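Q: prediction below, plus the sequence it came from.
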Amino acid sequence: MPDVAERLGIPVNRVHQLVRERSLIAVREGGVLRVPADFVTEAGVLKHLPGVLTVLSDAGYNEAEALRWLYTPDESLPGTPAEALRGNRATEVKRRAQALGF
């Protein structure tokens, strides 16, 4: 979390708040909260990530399940939803996440 805070230029407690608000995702690994580096850019949190996390949460996904979904390869994107969010396919990722709830 300190590395994320440093990269974003914000205090560590603000990073924890972003996780609580589901604007950023973190999972506990070996007792330590970790945030995938893919979700933090020079401009801040990856632009469409908070919306996708909200949709996944509404579909009943917990943090670990959401992270698994974001990093599961999907041949039709191609790549993973996480890669598509970094590209120009964020709308398609959101649409697919919304479909999970039905």
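A: Received, thanks.

Q: in this protein, which spans are helices?
A: Counting by DSSP state H, the chain has helices at residues 2-8, 12-20, 49-58, 63-70, 81-86, 90-99.

Q: would you mind saying which of these lies nearest Val27?
A: helix 63-70 (5.5 Å; C-beta to C-beta). Any C-beta I mention is one placed from the backbone N, CA and C, and that applies to glycine too.

Q: next one: that closest one to chain centre, how far?
A: 8 Å (C-alpha atoms, centre = their mean, to the nearest Å).

Q: go on, stretch 86-96?
A: With C-alpha atoms, centre = their mean, you get 12 Å for stretch 86-96.

Q: quick one: contacts of it?
A: 38, 46-48, 51-52, 55, 74, 77, 81, 84-85 (C-beta atoms under 8 Å, 6 or more residues apart in numbering).

Q: so, low pLDDT: which residues of this structure?
A: Along the chain, segments meeting pLDDT under 70 span 102.

Q: hmm, back to that, want to throw the helices of the chain into JSON lines with distance to Leu33 and mean neighbour count?
A: Formatted as JSON lines, the helices of the chain follow (distance: least, C-beta to C-beta, whole Å; neighbours: other C-beta atoms under 10 Å):
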{"stretch": "helix 2-8", "distance to Leu33": "9", "mean neighbour count": "16"}
{"stretch": "helix 12-20", "distance to Leu33": "7", "mean neighbour count": "15"}
{"stretch": "helix 49-58", "distance to Leu33": "15", "mean neighbour count": "20"}
{"stretch": "helix 63-70", "distance to Leu33": "10", "mean neighbour count": "18"}
{"stretch": "helix 81-86", "distance to Leu33": "18", "mean neighbour count": "20"}
{"stretch": "helix 90-99", "distance to Leu33": "23", "mean neighbour count": "16"}
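
Q: make TSV from the ones you listed and add distance to Ala26 to it.
A: Compiled in TSV, these are given as follows (distance: least, C-beta to C-beta, whole Å):
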stretch	distance to Ala26
helix 2-8	8
helix 12-20	5
helix 49-58	11
helix 63-70	7
helix 81-86	14
helix 90-99	19
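
Q: of those, which approaches Glu29 most closely?
A: That would be, of the helices of the chain and by C-beta to C-beta, helix 63-70, which comes in at 10.1 Å.

Q: all set, thanks.
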